[in-house]
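K.L.:
with the input below, show me the fold.
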Amino acid sequence: MAPDTVSLRYFLVLAQELNFTRAAARIGIAQPALSARMRRLEAELGTPLLVRNTRSVVLTTAGAALAESAPPALAALDRAWDTARSAAAGELGTLRIGYSLSTGAETAPALVDRLIRGNSGFDVGAVPMATPEISPAVADGRIDAGITRGEQPGRGVRRFLLRRERVGVQLAQHHPLAEHPEIEIADAAAYPLRLPGRAANPVIHDQLSALFRDVRPDPRFHTPAVSFDMSQRDLRDGVTLAPAGEAAVAVSPAGLTWRPLRGAPSLTIHLVLPREQSPLHRRIRAVAKTLAHELHWLPD
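P.N.:
Predicted coordinates:
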């Protein structure tokens, strides 16, 4: 059985002082208590560590060997304790994040970067996922957190508002409506409107299509053949519009721009965490809350 670490630490002080009175004063205990600790330590090891007389203390061969080998062993033990405490506090570990493709332009990278820079003990991995799959994956533990556009349904999770953004349309810079700083919903509805496929994100598809619910004649909606075309080829005809959140400004390729729709409600982006949260999950939420405040993602 290994000796208790308190007695071992006391022994190291005594090995430095080679005097019970000074060692006891330095530790902050009575001299008889220190003597009792040393006798117990020797009994546990089954060998004398000290040669005592009325004036001095001398280390035995075993005592000298222990005085040399114990400090690195105790330092390693201290590191092990610190690692365990950090893990329990949510400061260490592997963090798996799933995010909707539409949040990958700005929101998800900003949060992942902040988690990495502010928590050196994290090993962060972020992967794009189909939006309807994110909440179930968080609930069953396949991922630790999710970032979704829209308040997605799902059991076993909690959703926290991370960002609000204005709704507008992406369009070609030479589109007739691009000259307006804001576009009326009825004016936008006069042109073909590209919406994301409903299977990819039913909540956002329905929210965007609802913007034009009261417009007559009925708008002409279509879904792109390629769900995530970075070049946005179908908008370059100078006719088609794509309803989108303000984050589209950051990723609009050359030749395209974005304009807000007047009077449209905002789109929301949510952080998805398990209903039962560990210290790691609470730390993610705290980092996300601070980031949202600093970047003005939410109104004060």
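
K.L.:
for this protein, give me the ranges with low pLDDT.
P.N.:
By pLDDT under 70, the weakly predicted segments of the chain are 1-3, 54, 83, 86-93, 118-121, 225-231, 300.

K.L.:
where exactly do the helices run in it?
P.N.:
5-17, 20-27, 31-45, 61-88, 107-118, 131-139, 185-188, 202-210, 248-251, 279-294 (DSSP state H).

K.L.:
closest one to Leu162 among those helices?
P.N.:
For these, the distance to Leu162 is smallest for helix 279-294, at 5.6 Å, taking C-beta to C-beta. In this view, the C-beta of every residue, glycine as well, is placed from N, C-alpha and C.

K.L.:
taking helix 131-139 as reference, get the angle to that closest one.
P.N.:
Counting by axes from the mean of the first three to the mean of the last three C-alpha atoms, to 10 degrees, helix 279-294 lies at 130 degrees to helix 131-139.

K.L.:
so which other helices or strands are in contact with helix 279-294?
P.N.:
Here helix 279-294 touches strand 93-100, helix 107-118, strand 157-165, strand 267-274, going by 3 or more C-beta pairs under 8 Å, 6 or more residues apart in numbering; DSSP states H and E.

K.L.:
and with 6 Å instead?
P.N.:
Under the contact definition 3 or more C-beta pairs under 6 Å, 6 or more residues apart in numbering; DSSP states H and E, helix 279-294 sits against helix 107-118.

K.L.:
roughly how far is the helix it packs on from the heart of the chain?
P.N.:
When distances are taken as C-alpha atoms, centre = their mean, to the nearest Å, helix 107-118 is centred 7 Å away from the chain's centroid.

K.L.:
list the buried residues in stretch 140-148.
P.N.:
Along stretch 140-148, these residues count as buried under the neighbour rule (16 or more other C-beta atoms under 10 Å): Ile143, Asp144, Ala145, Gly146, Ile147, Thr148.

K.L.:
go on, stretch 33-40?
P.N.:
Those would be Leu34, Arg37, Met38, for stretch 33-40 by 16+ other C-beta under 10 Å.

K.L.:
tally of neighbours for Gln173?
P.N.:
Number of residues near Gln173 (other C-beta atoms under 10 Å) recorded here: 13.

K.L.:
ok, Ile204 next?
P.N.:
Ile204: 24 surrounding residues under other C-beta under 10 Å.

K.L.:
so who does Thr223 touch?
P.N.:
Gly197 (C-beta atoms under 6 Å, 6 or more residues apart in numbering).

K.L.:
how near is it to Ala30?
P.N.:
82 Å (C-beta to C-beta, to the nearest Å).

K.L.:
again, but for His296
P.N.:
61 Å.

K.L.:
is it possible to get JSON lines of the buried residues of stretch 33-40 that adds distance to Leu161?
P.N.:
Shown next, in JSON lines, are the buried residues of stretch 33-40 (distance: C-beta to C-beta, whole Å):
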{"residue": "Leu34", "distance to Leu161": "59"}
{"residue": "Arg37", "distance to Leu161": "57"}
{"residue": "Met38", "distance to Leu161": "61"}
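
K.L.:
for those, which one is nearest Ile185?
P.N.:
Arg37 (80.5 Å).

K.L.:
and Leu59, how far from Thr21?
P.N.:
Distance from Leu59 to Thr21, by C-beta to C-beta: 17 Å.

K.L.:
those two: which is more packed in?
P.N.:
Leu59 (19 against 10).

K.L.:
bridged to the more buried one, which residues?
P.N.:
Leu50 (DSSP bridges).

K.L.:
contacting residues around Ala24?
P.N.:
Ala24 touches Gln31, Leu34, counting by C-beta under 6 Å, 6+ apart.
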